[in-house]
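Colleague: I'll drop the sequence and a predicted model, then ask my questions.
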Amino acid sequence: MNDSFRAMMIVDRDGRPHAEFRDLTTADLPDHDVLVEIAFSTLNYKDGLAITGKGRIARRLPMVAGIDLAGTVVESRSPDWAPGDKVLVNGWGLSETEWGGYARFQKLKPQWLTRLPDAFTFEEAMGIGTAGYTAALCVDALEDWGAISPGGREVLVTGAAGGVGSTAISLLARKGYAVTAATGRPEAHAYLSELGATAFVDRAALAEKGGALQKERWGGAVDSVGSTTLANVLAQTAYGGAVAACGLAGGMDLPATVAPHILRGVSLLGIDSVMAPAARRERAWKTLAAHLDKARLGRIARVEPMSALPALAEEIVAGKVRGRVIIDVS
Ligand code: NDP
């Protein structure tokens with residue numbers, strides 16, 4: 001364990017964050033209570049921002065990037081975890097304020113760890129990653145709100161071919177909802193149909209500024225795009241519906257009016273995966289274990305080595321990655 005291992009780090013280069021591979025030993029890791037040998041990490045949009053430097057994700061440098069990890073406890077000073085336990089971590093500031101998953105070993109706080117559900121291997125859990133777990137948080141939120149019901153109005157998923165979108169479609173379809181996918185990639189229609197989408201909307205149509213109240217269509221929606229898209233989705237949501245908003249792939253702004261909220265009782269449900277409490281995380285992972293079609297997950301995920309991260313980061317930020325990328329950190 002004193003051997004060195006490779007880590008993808010964000011370092012300070014001339015006052016700017018810069019991504020590069022560095023060799024570490026376990027002695028270099030933070031002094032947290034649980035040492036985990038990481039099997040796999042994954043690639044999320046936020047990881048792309050961190051590695052390309054297109055978003056300032058790391059708030060202290062040097063930083064090991066990677067917001068997700070799955071692996072085995074090797075040493076523990078916590079009574080809650082023992083060597084051999086299989087665990088995963090999503091968020092909790094990894095890659096922002098805490099060293100993350102793009103390394104063979106990491107030391108972590110006990111409260112950040114979630115037990116790996118029996119239903120999933122490490123690889124599958126990272127095929128899901130923060131993107132998939134966030135999709136489950138969105139679906140749970142819409143159902144808890146009582147906005148959607150199987151057999152009811154259509155549920156819209158924006159950013160459909162992305163990580164959050166693909167998993168949201170798969171989960172919703174398996175739960176019996178009629179799912180419409182908003183995508184900018186017509187070539188992804190067959191793939192999205194396979195996941196369970198039954199109708200399509202061109203994402204360009206949602207990106208143009210529309211009226212404050214538009215024809216009511218959606219019972220609910222999962223939105224990972226934000227900006228004008230989210231404003232239009234709210235304006236098209238039917239009376240009493242809700243939109244779970246988790247992303248900003250199209251922009252951070254929200255050029256909307258209160259009309260859908262005060263005239264149609266439409267709700268905007270904010271979804272955060274990073275600091276979500278443990279109970280909500282466990283529930284989301286149960287939703288995934290119960291409803292995610294693992295065969296479909298296998299079709300939307302692929303494994304890449306850490307050396308591919310710089311190129312993959314550019315691709316995901318450019319909206320060119322389809323489905324999920326699992327990162328083999330060995
Ligand atoms: P991906 O890059 O995998 O997917 C994003 C998708 O959004 C793309 O595939 C594309 O879908 C669509 N898209 C990209 N650019 C634009 C654009 N300019 N206008 C409209 N649509 C666009 O990212 P993830 O699925 O991993 O993440 C999606 C979003 O959710 C990100 O903003 C991410 O930061 C956020 N997120 C937030 C979390 C939270 O805790 N709140 C957790 C996880 C993610 P298509 O090709 O189908 O059009």
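Modeller: Cool, got the structure.
Colleague: Residue 253 and the ligand, how far apart?
Modeller: To the ligand, residue 253 is 12 Å away according to Cβ to the nearest ligand atom, to the nearest Å. Using the backbone N, CA and C atoms, a C-beta is placed for each residue, glycine as well.
Colleague: Quick one: neighbours of the closest residue to that residue other than its chain neighbours, just the number.
Modeller: Nearest residue to residue 253 in three dimensions, chain neighbours excluded: residue 227, at 5.3 Å (Cβ to Cβ, 6 or more residues apart in numbering). As a burial measure, residue 227 scores 19 neighbours (other Cβ atoms under 10 Å).
Colleague: Could you check the pLDDT of residue 1?
Modeller: As predicted, residue 1 sits at a pLDDT of 62.
Colleague: circling back to that earlier point, who are the contact partners of the residue nearest to residue 253?
Modeller: 207, 248, 250-255 (Cβ atoms under 8 Å, 6 or more residues apart in numbering).
Colleague: What backbone torsions are found at it?
Modeller: phi 50, psi -140 (degrees, to the nearest 10).
Colleague: Now whatever residue of the stretch 151-300 of the chain ends up closest to the ligand: phi and psi?
Modeller: Relative to the ligand, the nearest point of the stretch 151-300 of the chain is residue 162 (1.9 Å; Cβ to the nearest ligand atom). With angles defined as degrees, to the nearest 10, residue 162 sits at phi -80, psi -180.
Colleague: before we move on, which element is the closest residue to residue 259 other than its chain neighbours in?
Modeller: Spatial nearest neighbour of residue 259, excluding adjacent residues (Cβ to Cβ, 6+ apart): residue 212 at 4.1 Å. Of the helices and strands defined by DSSP states H and E, none includes residue 212.
Colleague: and residue 212, how many neighbours?
Modeller: The number of residues near residue 212, taken as other Cβ under 10 Å, comes to 13.
Colleague: How about the contacts made by it?
Modeller: Contacts of residue 212 (Cβ under 8 Å, 6+ apart): 235, 256-257, 259-260.
Colleague: now residue 32
Modeller: 107-109.
Colleague: Over to residue 147?
Modeller: Going by Cβ under 8 Å, 6+ apart, residue 147 touches 219-220, 240-242, 267.
Colleague: top of those residues by neighbour count?
Modeller: For the contacts of residue 147, the largest number of neighbours (other Cβ under 10 Å) sits with residue 220, at 33 neighbours.
Colleague: who are the neighbours in contact with residue 272?
Modeller: Counting by Cβ under 8 Å, 6+ apart, residue 272 has contacts residue 246.
Colleague: Got the phi and psi for residue 18?
Modeller: Per degrees, to the nearest 10, the backbone of residue 18 is at phi -140, psi 130.
Colleague: burial measure for it, as a count.
Modeller: Residue 18 has 15 neighbouring residues, counting by other Cβ under 10 Å.
Colleague: what about it, distance to the ligand?
Modeller: As for residue 18, its distance to the ligand is 21 Å (criterion: Cβ to the nearest ligand atom).
Colleague: ok so, going back, what pLDDT does the residue nearest to residue 259 get?
Modeller: 98.
Colleague: could you point out the longest helix in this structure?
Modeller: The helix that spans the most residues within the chain, counting by DSSP state H, is helix 122-145.
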